[in-house]
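# Can you look at this prediction? I've put the sequence above it.
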Amino acid sequence: MKLVTGVDLETEVELSPIAKAEEAAVFSPYSSPSTALLLQRRVVSWSTETGSPATVRVRLGDRSFDLHKDPLVSKCKYFSEASLQSGGDVVELPASSPGVREAFEAVALFCYGDAVALDPFNVAAVRCAAELLGVGGLGARCDLYISQVVLQSWDDALIVLQRCLPLLPAAEELLVVSRCVEALAFMACMEILDPEQRRNQLPGAGGAASRALVGRRWDAELVKELAARDLWVKDLLALPFQFFDRIVRALRRQGMKEKYVGPVVLFYANKWVLSKKTHRFWATTDDEAIDGETDANRRAAAILEGVVGLLPAESPAVAANGAIPVAFYFALLSRSLTLELSDESRTKLRGHVASNLRFARVDDLPLPEEEADGRSIADSREVRAMESIVSNHASVQRKGVEAVSELWDRYLLQFAGDPKLRPERLAELIGAIPASDRKTHDHLYEAINTYLVEHRGLSGEEKATLCGHLDCRKLSHEACVQAVQNERMPLRLIVQALFVQQMHTHRAFTECSDSFRCTRSGELVPGAGGYTPSPGCPAIPTSQPLSGSSPYDSHHHAPRDAKLRARDDASSDYETASFRIQALEQEIISLKRTLQQHNTLRGSASARGEGKEPSFRVAVDAGAPATIKRRATVSGSCIGSMRWGSQRRCASRILRVFARLAVFGRGRSRGKQSKCSASTEQQNCM
């Protein structure tokens with residue numbers, strides 16, 4: 001600028017272009033006065049008061065300032081050293097120094113003894129310039145302003161932090177950045193903890209964000225709308241990532257729960273990494289980049305690597321609590337396939353995806369958006385990435401392997417109908433999960449059947465190879481019925497399905513039979529008393545008495561565990577009935593032997609008689625052993641191994657035998673009965 005002394009200030013002062021642009025705002029009540037204009041007036045006033053011209057020319061890039069030497073040397077250490085070394089009147093300031101170009105007018109005005117108007121927009125630059133030029137009093141005043149004004153307001157701290165970006169690393173060394181970061185983190189925690197500020201739209205578990213995102217396909221526009229509901233979250237999303245990263249770490253360090261921190265990271269990644277609008281904006285508005293698409297991918301990759309570093313370590317627990325939806329991890333995986341990430345970040349991201357597989361849905365897993373010409377979906381980078389993650393999970397982690405197996409089979413079903421899919425490639429994808437890890441093969445059967453429908457020209461060997469991964473024993477009854485009726489399946493699989501279906505049918509009849517036995521177990525033996533074997537019978541192991549009533553009577557409203565206990569009791573009653581029938585068999589055999597011995601004695605006594613004819617009773621007694629022998633032959637096997645109907649018939653025969661024995665003994669006199677009983681006891685004792 002050119003200053004003319006001794007003339008009218010209002011007419012002769014030549015203003016710089018910047019001063020001319022800011023002259024209209026000098027008297028505005030909503031803005032601070034122009035520092036450049038104030039400096040020019042102060043220089044003119046100093047020349048008028050002292051009568052000495054401005055002899056020092058300060059050059060700052062393409063700008064120059066004519067100032068007085070005495071005020072600069074007295075208060076600015078940099079000018080005192082520069083004037084002694086050069087001995088001239090021209091001082092060069094490094095234009096690249098942080099804050100010097102932006103705040104030199106404020107430093108010079110302070111050297112002339114005027115107060116500097118500090119505000120959140122210039123305090124960081126003034127602080128850095130004061131430190132570089134050695135103006136100690138101005139630096140202390142800036143620190144005081146930051147402590148008492150900036151750090152007490154969310155908006156002011158946010159503005160100062162944004163203004164520190166071109167001032168790095170000087171602003172970091174002067175602790176301006178760290179103080180603003182800690183203040184913003186503290187105020188964010190207070191926002192969450194304040195009862196009056198708690199609203200349903202707060203991000204985190206139980207909030208509107210989590211309820212809207214969990215269990216849905218990833219939608220970047222929906223996430224953007226949810227992020228805009230909280231102003232403090234929206235402000236954090238506008239920060240550069242290097243500042244956002246520090247604030248998130250400060251939030252966790254100050255004790256904010258992960259259910260609030262996690263969604264903030266999610267919203268930031270959605271805006272700067274997953275949003276297609278942001279990618280198109282970067283690709284079309286960066287005039288300095290040679291290739292806009294490549295530059296946009298480079299910027300997104302840098303942010304994605306930082307986001308991966310901010311993901312919580314215990315991601316399965318966070319996903320289970322709903323703080324971060326599982327779909328978010330798979331969305332990051334899908335985006336990372338188009339970016340160049342470092343090996344460390346890629347491995348860490350795939351580790352997060354693998355640990356959340358058991359919570360995922362089939363809609364969360366990535367698929368190519370556009371089909372490549374001449375290449376099947378199974379050969380895309382999305383499917384190959386999922387194949388690698390699932391196979392590593394199956395070989396390393398055993399937790400939730402059944403859920404992962406079912407998820408993988410459902411995933412195969414999504415593209416099993418691709419006409420370009422080769423049978424050997426489908427076999428490779430099926431083999432990513434061991435057959436033993438699959439609890440059910442229903443979804444795998446659906447995938448193979450879908451493939452066979454779309455590829456009718458397969459040979460018998462190719463069909464047998466694919467269907468060899470199926471285990472009919474792990475198919476449901478409905479799937480077995482479909483497999484038997486499916487003409488596209490090979491004959492071997494149909495035979496196996498028929499055998500398994502027969503096993504299912506037999507099991508169903510067995511369960512029905514067990515239920516019937518439970519309800520009829522009280523009718524086997526009348527009475528509720530225990531069994532006491534007759535004298536002379538060998539000791540027979542016995543069980544508890546049968547229940548007199550069915551365990552299912554008047555218990556239809558009982559819970560499931562009560563039904564299971566009743567079924568176990570019925571099984572125990574069934575065993576008790578088998579033991580009792582065995583005991584009856586042993587007693588009948590003992591009675592048969594006793595009757596044979598008794599009839600032998602009676603026959604010998606009759607032969608020694610005087611020619612009497614044998615009575616009808618003796619004839620009947622002689623015929624009784626044969627009948628009993630015939631019945632004993634039928635009942636001699638293990639009753640416990642017989643069917644239920646055979647046991648019922650055997651029990652009926654035993655009762656008829658007892659009835660005959662009772663009929664045979666009615667005609668005897670008491671004396672004979674006593675004699676017969678004594679003879680029986682004597683034989684038993686022998």
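Sure thing, it's come through.
# so where's the stretch 101-250 of the chain shaky on pLDDT?
Applying pLDDT under 70 to the stretch 101-250 of the chain flags the ranges 194-221, 224-225, 227-228.
# Show me the helices in it, by range?
For the stretch 101-250 of the chain, the helices defined by DSSP state H, counting those that start in this stretch occupy 123-133, 136-148, 154-163, 170-173, 176-193, 208-213, 220-227, 231-237, 241-253.
# Now mean neighbour count and distance to residue 421 too, for those, in a markdown table please.
Bear in mind the C-beta positions are built from the backbone N, C-alpha and C, glycine included. Rendered in a markdown table, the data for these read as follows (neighbours: other Cβ atoms under 10 Å; distance: least, Cβ to Cβ, whole Å):
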| stretch | mean neighbour count | distance to residue 421 |
| --- | --- | --- |
| helix 123-133 | 26 | 59 |
| helix 136-148 | 17 | 63 |
| helix 154-163 | 20 | 52 |
| helix 170-173 | 18 | 55 |
| helix 176-193 | 19 | 50 |
| helix 208-213 | 20 | 32 |
| helix 220-227 | 17 | 30 |
| helix 231-237 | 17 | 41 |
| helix 241-253 | 18 | 40 |
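# can I get those helices in JSON lines with distance to residue 111?
Formatted as JSON lines, those follow (distance: least, Cβ to Cβ, whole Å):
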{"stretch": "helix 123-133", "distance to residue 111": "9"}
{"stretch": "helix 136-148", "distance to residue 111": "9"}
{"stretch": "helix 154-163", "distance to residue 111": "23"}
{"stretch": "helix 170-173", "distance to residue 111": "20"}
{"stretch": "helix 176-193", "distance to residue 111": "22"}
{"stretch": "helix 208-213", "distance to residue 111": "52"}
{"stretch": "helix 220-227", "distance to residue 111": "46"}
{"stretch": "helix 231-237", "distance to residue 111": "36"}
{"stretch": "helix 241-253", "distance to residue 111": "32"}
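# residues touching the closest residue in space to residue 253 that isn't next to it in sequence, list them.
Nearest residue to residue 253, sequence neighbours excluded (Cβ to Cβ, 6 or more residues apart in numbering): residue 185, at 7.7 Å. Counting by Cβ atoms under 8 Å, 6 or more residues apart in numbering, residue 185 touches 247, 250-251, 253-254, 256.
# need those in CSV with distance to residue 126, can you?
Listed next are these as CSV, based on distance: Cβ to Cβ, whole Å:
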residue, distance to residue 126
247, 24
250, 25
251, 29
253, 30
254, 29
256, 32
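# Among those, which one lies nearest to residue 597?
Closest approach between the contacts of residue 185 and residue 597, by Cβ to Cβ: residue 256, at 95.6 Å.
# Contact partners for the closest residue to the closest one other than its chain neighbours?
Distances taken as Cβ to Cβ, 6+ apart place residue 189 nearest to residue 256, at 5.2 Å, with adjacent residues excluded. With contact taken as Cβ under 8 Å, 6+ apart, residue 189 is in contact with 251, 254-256.
# which ones among these are found in strands?
Here DSSP state E is the test, and the contacts of residue 189 give no hits in strands at all.
# all strands for the stretch 451-600 of the chain, in order.
With strands called from DSSP state E, counting those that start in this stretch, the stretch 451-600 of the chain shows none.
# Poorly predicted segments of it, please.
513-587.
# What segments of it are helices?
Under DSSP H, counting those that start in this stretch, the stretch 451-600 of the chain gives helices at 460-467, 477-485, 491-520, 560-607.
# re earlier: give me the buried entries from the contacts of residue 189.
Buried residues within those, counting neighbours by 16 or more other Cβ atoms under 10 Å: 251, 256.
# care to break the protein down by domain?
21-177, 201-365, 367-377+394-515 (the TED database).
# any chance of these in a markdown table, plus distance to residue 597?
Shown next, in a markdown table, are these (distance: least, Cβ to Cβ, whole Å):
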| stretch | distance to residue 597 |
| --- | --- |
| domain 21-177 | 110 |
| domain 201-365 | 75 |
| domain 367-377+394-515 | 42 |
